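With the input below, show me the fold.
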Amino acid sequence: MSLLEPIRKRFEEDLVTLGLLEDYLRESCEICSKFISDDLSRQDLREIGALTDRFQRAQDFFVSHTLRSIDLLSGDQGTTLDVLQRAEQRGVIDSADVYLEMRALRNKIAHEYAGYSPMDIVNDILKYAPILMDSFKRVKRGKY
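You can find the predicted model right below:
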């Protein structure tokens, strides 16, 4: 058994998890894309909560598990920025900067900054979610 075998096995398991995260995120995006104003019911706010949680979890898992596993399998290590830049070079993501923007959005959501309404959150996530899910597809296809 090679030293990389446990990493390969974990990576295969991560791909299954990534598929589930993608399904849940897509479902939340479809639900929340129908909201058009800040006049939201409690149910709407719960759906937005689910959307933010799913977006944050999917983005964190993708970067910290999936992209790091690709790095390890290639013999690379480094900071999150290093991981993102290599993922961009490999064609897994289009832009490391966009992923840094997603991380900033995650922090903005987590800290619930004043003046940042639930619809602002929805609109920002709906902007980034397709980019994130496109990267999931690239990894699943092995395009890197």
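
Any buried residues in the longest helix along the chain, and which?
Taking DSSP state H as the criterion, the chain has its longest helix at helix 5-32. Residues of helix 5-32 classed as buried: 7, 11, 14, 18, 21-22, 24-25, 28-29, 31-32 (neighbour count, 16 or more other Cβ atoms under 10 Å). Any C-beta I mention is one placed from the backbone N, CA and C, and that applies to glycine too.

Just give me the closest of those residues to residue 72.
Proximity of the buried residues of helix 5-32 to residue 72 (Cβ to Cβ) peaks at residue 7, which lies at 5.1 Å.

Counting neighbours, what do you get for residue 69?
The number of residues packed near residue 69 is 19, by other Cβ atoms under 10 Å.

how about the nearest residue to it, chain neighbours excluded?
Excluding its sequence neighbours, the residue lying closest to residue 69 (Cβ to Cβ, 6 or more residues apart in numbering) is residue 11, at 4.2 Å.

distance of residue 34 from residue 14?
Counting by Cβ to Cβ, to the nearest Å, the gap from residue 34 to residue 14 is 31 Å.

same thing with residue 127?
Taking Cβ to Cβ, one finds residue 127 at 25 Å from residue 14.

And for residue 110?
In terms of Cβ to Cβ, residue 110 sits 23 Å off from residue 14.

With residue 116 instead?
Counting by Cβ to Cβ - residue 116 and residue 14 are separated by 31 Å.

do the same with residue 56
17 Å.

picking up where we left off before, helices or strands up against the longest helix of the chain?
Here helix 5-32 touches helix 42-61, helix 68-73, helix 118-141, going by 3 or more Cβ pairs under 8 Å, 6 or more residues apart in numbering; DSSP states H and E.
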